[in-house]
Each structure stands twice: as structure tokens, then as C-alpha cells.
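*Asks:* Sharing a sequence plus its predicted fold:
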Amino acid sequence: MLAFHEKIILFAGERPITPKELVPRENLIAPVIRPTGESSATGSGSTIDYVIITSATLADAFAPLAKYKSETGYNIEIRLVEEIVSSYDGRDDAERLREYLKEFYDQGGEYVLLGGDEINVPVRYAYHLNAYSEPALDRLQICDLYFADLTGKWDVDDDGIWGEPYHDQPDLVPELLVGRLPFGSPEEIQRYTHNLITYETDPGHGDRDYISRVFFFSSDQMRDYAGGGQHSAIAAAYPGDFQIDTVTGVECASGDDPAPSNISPTLLAEPMSPGFGMVNVVAHGRPDGFVVKSPGYSDTPKELLLTHGPVGLHGGFDELLVQDKPTFYYSLACASGGFDYDQPPIEFPHPNMAQHLLASDGGAVGVVANSRWGWVGSSYLLQTAFYEHLFANPDEPAVRAMVQSKLDYYYVRDVVYGQNFLGDPSLKLYTARPAKSSIELTIDGDTFEAFVSADGREPGVCRIIVSDTGGVVIDTATDVDGYLLISYPFDPKSLYRVSTVRTNMTVSQVSFIGSVVTSVEDADRLLPRGFSLAQNYPNPFNPSTIIEFEIPRATTIKLNLFNCLGQEVAVLADGVYPAGQNRVEWKGLNSGGEPVATGVYFYRLETGSRVATRKMLLLR
């Protein structure tokens, strides 16, 4: 006989435990604490789980992205292609890179960002048929799956044609999660890094509603597919609370209409101005854009969205981008991810669509796109499966949803080869309107106290990561109320960065100096309410002095230094600082790093509407 109980009561001693105090087992994250002085980002004592592979000319530009990923919990390093291909064996650079990645995976690696286009980072061209002569370049797929599937045998017959279904033995199941940023300039990297950090920390600068808005382009045969069109099948994979526009960008009244009446691509700027978290392209395409409307099925004159528009009937992507509202794009259009078309022997004259979007302010935070072609009858099935997997697994990176969709439709081999994830491979897309997180800190000696809220409410268990210049020093989690209290021997002269990470919640980041001291009372964990700028000490001074200030909550501050003529000498602090007391050291140098002369100087603290100024005396 089975007995069922309607209620179970747990006790801690004589105190009953409430359901709110219980934490799911999967949310219990054991604290990981790095000993002071041990490097976590590149040290031998830690496992590198994320690697950026790029060329020497682009490496410096990737440093801010690597820093941000380290701050949010990844043990990351940048490796140069030039060093890798000179250190590993292989028939070509792509094979040498893959040999390195096997070692990276064996040592615990998981994420790979190929940081460059085909000139800066090797590509592998794969062929989905059995070949008996060399296929033309436009018949070969750019196949980053080759760098992810490490156990497959991609050229068994040793003919230099990779991925043939019977001549070779790729297994199509990736061990690594691989993304690519197909860039050739530092400026492109900088703009993408801005898009990524904006998306994760402050999407929309207050208008987070755009994240749950979805836009569809659909035209020609795909628009007329059975069941209301392919866009309808894909849209059905979204949760019911998403706002989905399957009208404005959909060819009207039908895909084969001889005179379609949907809005011209030159007039899309206004309807797309609110911003959309996801944009789907279900249309015929070419390397620099796709068809929005055309007579019949892709007849002329076509009207397209182009990377170099507006031109004549064609619109331009740049007119549709919304500042600080980065978007995820999924395109089944032909060649929209063909970033190599700009080079010989093809030499297409205009910028590639995916590359252009990723490198544009307010453009893409990630793109799934075909390097060569898609199929009218099957590509939308992968797109539908992508979103089904994405929304079923919100804690997983978006690239994994692409991987799973390919495994669902493994037999569409050319699309499986040629479809790539372009963007940060660890990117987790918001699968709901994200909550805005905030964090309040109290530091008292070795005691670290934090409280995290989301839209002013308790967020539940939230991951907390503390890093310094060497990488992650603390990786732990709050309780279900968003509260954390731990001990750590902070270096009084080091700058630390605290990040909060939780699914469908924005990343919150604050900084503090190890010597900050804020009183903590057992009965009252409220942070200081005051705003004050203390007199520097020592004063007069030579060669350096300390400036302390107190703010009531974590916020953006500016601490500027002026001479007696009112001319700015240096910016001593500019950024987000934690609540409580903070301190900054001035070593008597101007903004160019040169010593300044004896004299009276003024330092001014600004935060929001509050301003305070004091003077100091430097004696050489």
C-alpha cells in the first residue's frame, strides 16, 4: 500500500523551515575562491574554458571583450593564430588549428571564438557531396563545424576535399561550442563588443520591452508555404507573451503576387524604430542582403534590404538600426553569412550582411546565417527547431540551440555544413523580457556583503562573480533572497569588479577598491545614506595624496582635477563606483602622465545632481 502526504514540514533544530528557504539542488553553487596573487585568467592553476583565437593585428582589439567575459565568469585567454599554426602539425593552417583545439578540449575547454575573417583566422571549406574533382569555391561551404566536431574524420581519402559523406567520416556532433566574428579591423571588434555588453547589461537603456518584440521578413515561396507560410511555423515556436510582427515585413497579398503591396524596404525605418530583440529573415538572399518584395516568385524588379543601401528601390540596413538596442538575427537567406565573398576569386563588391550587422552600432549581438545557400523546403525547419530548443533551454547558449537543430535535421548536410553561428559562442539570448538587476555592496575588511535585486524585487538565487586584473577570485551565489555574506582577503590596493549573472536578468557590474571600509551593523544592513567629499590627505602633499568620497548607492561618478585657472588637469575617476566610502590616489600627474607644478588644485566630485569641490596644495 502507498501512503501519500499532502504536506511535509522540515525543521532546523526546533525552527520550522519555510518553502522560501529551500533552494533547488541545481542552484546550489559551491563558492570557488582563488588564493590572492594566483592568476585565474592565464595561470597554470586554472582551467581555460574559453579561448579567443585571432591574429596578432586584432589581438589588442579583443582585449576588452576578453576582460568582460572574464568578469562574468569565464576563464578566458587570447591565442594568436600565428603561434598556433607554427606549433601544431597539419596539412594546412585549418588542420593545425583543429589539432590545437583537440588539446584545448582535452584540457577542459568549451567555448571557441574564431576572432577574424578568412584572412585573419583559417576557415575550413567543406563539401556535402562526394567529389571526383575540385569543386568551385562557391559550391564549398564555410564550415566552422569542422573546428567543433573533433572526433570526426573529415578527409579520410586524403584528397583535400573535406566532409564528403561517403569518402570521409565527419560525425557532425560537436565537442566544442564555436562562434566566429568575421572581422578584419579593430573598429569592427570594438563596435561588436559594445553591442554585446549593452545587450547583457543595459539593453535599450531603460526600454527593455524591445527584447520581447520579434520582427519577421517573409517573401516569395516561403511566404506562401502551407499552413500560413514558413514565418507562421517559426513564429509558433515563440512563447505567447512575445509581441510578434508577421505583417509589416511580410510580402502582401501573397508571395507570387505580380504587384505586391507590402511596405517598401526604403520605408521600414519608422515601423522598425521601436527596436526588436529578434529579427527573422525568411527570404531569398545574396551576400549583401535579401529580397523584401518582388513580382511573382523572385522576379524583377526586386526590392531588397542591402548593406550599402538605400539605392533606388532598395533599402539600407543602417536606416533600421536602433542605437543601444542590439538584435539577434536568424537568416535562412542564401549567402547572408558568406563573409568570404569579398575576396578573390569571387570578389562580390559589397559588404556581407552578417558581418555588417555584427559590426554596426545597434546592429547584431549574434547572427545565424548560411555561408552559401539555404533550401526553400527545409531551411525553415531548422529555424523552427532552433527556437524550440532555445526557449526550452533558456540557461544554454544560443549556439547550442543551433547545434541541436542541426542534429534534428542532420540529413540536410549542405545547410548543416554552411550554417554558422556568428557572434560570442557563450551568448545567452533573453527568452523573456529581462529583469533589470542591481547590486549593493558593503565591504568591511575581509567581509564581503552583497544584496542583489531585480526590478526592485528578490531575484532568487543569483550567481556572483568577483574578479581582479588576474581573473576570477570568487565565484559563488546568493541565497534565495539575493543576499550573500562571505569572507575574502581583499588586497587594499587592488581594484575589484563584481558581476551578477542570472538567466533572463541583466548583468549588473560594480567596482570597488580593496581598502574600502563600510560599517556593518548586525541589526541594520542598510548602506550609507550620505554624499560627501572628504579633504585629501596628506595636504599639503608630495608626491601623492588620497581623496575619499562617500555615495549612498552604486552609481556613476566623475572625479575631475582642475588648476587655479579652471583648466582640467586630469580625470581621477569616471565610472560606476559602489555605495559607501571610496578612495582614489593622485600621484601629481596630469592626464598625459607628466608631473604637474607646485600649486593649488581643485578636485570636484559629480554624481547625478550632486556636486562637491575641495582644494589641495601640491609642494614640490
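*Replies:* Structure's in. What do you need? Numbering: from 1, shown residues only.
*Asks:* so what's S437 bridging to?
*Replies:* Here S437 sits in beta bridges with A454, as judged by DSSP bridges.
*Asks:* Please name the residues that touch it.
*Replies:* Listed by C-beta atoms under 8 Å, 6 or more residues apart in numbering, the contact partners of S437 are V452, S453, A454, P459, C462, T500, R502, M505, T506, V507, S508. Where you see a C-beta, it was placed from the backbone N, CA and C, and this is true even at glycine.
*Asks:* Would you reformat those residues as JSON lines and include secondary structure?
*Replies:* Formatted as JSON lines, the contacts of S437 follow (DSSP: H, G, I helix; E, B strand; the rest coil):
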{"residue": "V452", "secondary structure": "strand"}
{"residue": "S453", "secondary structure": "strand"}
{"residue": "A454", "secondary structure": "strand"}
{"residue": "P459", "secondary structure": "coil"}
{"residue": "C462", "secondary structure": "coil"}
{"residue": "T500", "secondary structure": "strand"}
{"residue": "R502", "secondary structure": "strand"}
{"residue": "M505", "secondary structure": "strand"}
{"residue": "T506", "secondary structure": "strand"}
{"residue": "V507", "secondary structure": "strand"}
{"residue": "S508", "secondary structure": "strand"}
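*Asks:* The residues you listed into JSON lines, with extra columns for neighbour count, pLDDT and distance to I53?
*Replies:* Output for these, formatted as JSON lines (neighbours: other C-beta atoms under 10 Å; pLDDT from 0 to 100; distance: C-beta to C-beta, whole Å):
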{"residue": "V452", "neighbour count": "26", "pLDDT": "91", "distance to I53": "34"}
{"residue": "S453", "neighbour count": "19", "pLDDT": "90", "distance to I53": "38"}
{"residue": "A454", "neighbour count": "21", "pLDDT": "91", "distance to I53": "35"}
{"residue": "P459", "neighbour count": "20", "pLDDT": "84", "distance to I53": "35"}
{"residue": "C462", "neighbour count": "28", "pLDDT": "95", "distance to I53": "32"}
{"residue": "T500", "neighbour count": "26", "pLDDT": "95", "distance to I53": "29"}
{"residue": "R502", "neighbour count": "24", "pLDDT": "96", "distance to I53": "29"}
{"residue": "M505", "neighbour count": "22", "pLDDT": "96", "distance to I53": "30"}
{"residue": "T506", "neighbour count": "23", "pLDDT": "96", "distance to I53": "29"}
{"residue": "V507", "neighbour count": "20", "pLDDT": "96", "distance to I53": "24"}
{"residue": "S508", "neighbour count": "24", "pLDDT": "93", "distance to I53": "30"}
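*Asks:* Tell me which two in those are the farthest apart.
*Replies:* S453 and V507 (14.0 Å; C-beta to C-beta).
*Asks:* where exactly do the strands run in the stretch 501-620 of the chain?
*Replies:* 505-513, 532-533, 545-551, 555-563, 568-577, 580-586, 599-607, 610-618 (DSSP state E, counting those that start in this stretch).
*Asks:* Which strands or helices does the shortest one pack on?
*Replies:* Judged by 3 or more C-beta pairs under 8 Å, 6 or more residues apart in numbering; DSSP states H and E, the packing partners of strand 532-533 are strand 545-551, strand 610-618.
*Asks:* List of residues touching whichever strand or helix holds V51?
*Replies:* V51 is part of strand 50-54, with elements assigned from DSSP states H and E. For strand 50-54, the external contacting residues (C-beta under 8 Å, 6+ apart) are 62, 65-66, 69, 74-81, 84, 97, 104, 109-116, 120-121, 426.
*Asks:* How about stretch 159-169?
*Replies:* Contact with stretch 159-169 is made by 91, 124-131, 134-135, 143, 146, 152-157, 170, 413, 417, as judged by C-beta under 8 Å, 6+ apart.
*Asks:* ok, now stretch 228-242?
*Replies:* Contact with stretch 228-242 is made by 212-214, 216, 218, 222-223, 225, 227, 244, 246, 250, 255, 280, 282, 380, 383-384, 387-388, 391, 431-432, as judged by C-beta under 8 Å, 6+ apart.
*Asks:* how long is it end to end?
*Replies:* From its first residue to its last, stretch 228-242 covers 19 Å (C-alpha to C-alpha, to the nearest Å).
*Asks:* So T384 belongs to a helix, correct?
*Replies:* Yes. Applying three-state DSSP, one finds T384 inside a helix.
*Asks:* which one of the helices and strands packed on strand 532-533 has the lowest average pLDDT?
*Replies:* Lowest mean pLDDT within the helices and strands packed on strand 532-533: strand 610-618, at a mean of 86.
*Asks:* Output the strand holding V51 as PDB, nothing but the C-alphas.
*Replies:* Extracted C-alpha coordinates of strand 50-54, given in PDB (Å, rounded to 0.1, in the frame of the first residue of the first chain):
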ATOM      1  CA  TYR A  50      37.000  30.000 -23.300                       C
ATOM      2  CA  VAL A  51      39.600  30.800 -26.000                       C
ATOM      3  CA  ILE A  52      39.600  33.700 -28.500                       C
ATOM      4  CA  ILE A  53      41.700  32.700 -31.500                       C
ATOM      5  CA  THR A  54      42.800  35.700 -33.500                       C
END
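*Asks:* Now do whichever helix or strand comes after it: which elements does it pack against?
*Replies:* With elements assigned by DSSP H and E, the helix or strand that comes after strand 50-54 is helix 59-71. Judged by 3+ C-beta pairs under 8 Å, 6+ apart, helix 59-71 is in contact with strand 50-54, strand 76-80, helix 186-201, strand 463-468.
*Asks:* Quick check: mean pLDDT of the first one?
*Replies:* Okay, so that is strand 50-54. Averaging pLDDT along strand 50-54 gives 98.
*Asks:* The last one now?
*Replies:* The average pLDDT for strand 463-468 rounds to 94.
*Asks:* cool, the longest one as well?
*Replies:* For helix 186-201, the mean per-residue pLDDT is 96.
*Asks:* Can you give me the buried ones in that helix?
*Replies:* Neighbour-count burial for helix 186-201, counted by 16 or more other C-beta atoms under 10 Å, picks out 188-201.
*Asks:* Name the next helix or strand following it along the chain.
*Replies:* strand 213-218.
*Asks:* Now do that next one: which elements does it pack against?
*Replies:* helix 230-235, strand 243-245, strand 278-282.
*Asks:* if we go to 10 Å?
*Replies:* On a contact count with 3 or more C-beta pairs under 10 Å, 6 or more residues apart in numbering; DSSP states H and E, strand 213-218 meets helix 230-235, strand 243-245, strand 278-282, strand 289-293, strand 327-331.
*Asks:* Now render those as a markdown table, adding mean pLDDT, mean neighbour count and distance to I443.
*Replies:* Listed next are these as a markdown table, based on pLDDT from 0 to 100; neighbours: other C-beta atoms under 10 Å; distance: least, C-beta to C-beta, whole Å:
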| stretch | mean pLDDT | mean neighbour count | distance to I443 |
| --- | --- | --- | --- |
| helix 230-235 | 97 | 23 | 48 |
| strand 243-245 | 97 | 18 | 42 |
| strand 278-282 | 98 | 27 | 40 |
| strand 289-293 | 97 | 26 | 52 |
| strand 327-331 | 98 | 26 | 37 |
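*Asks:* Tell me which of these lies nearest to P260.
*Replies:* Between P260 and those, the shortest gap by C-beta to C-beta is with strand 289-293, which sits at 4.4 Å.
*Asks:* Could you check the angle the closest one makes with strand 213-218?
*Replies:* Interaxial angle, strand 289-293 versus strand 213-218 (axes from the mean of the first three to the mean of the last three C-alpha atoms, to 10 degrees): 80 degrees.
*Asks:* Tell me the strands beside strand 289-293, with direction?
*Replies:* Counting by DSSP bridges, the strands paired with strand 289-293 are strand 285-286 (antiparallel), strand 303-306 (antiparallel).
*Asks:* Relative to R614, which of these is closest?
*Replies:* strand 303-306 (55.5 Å).
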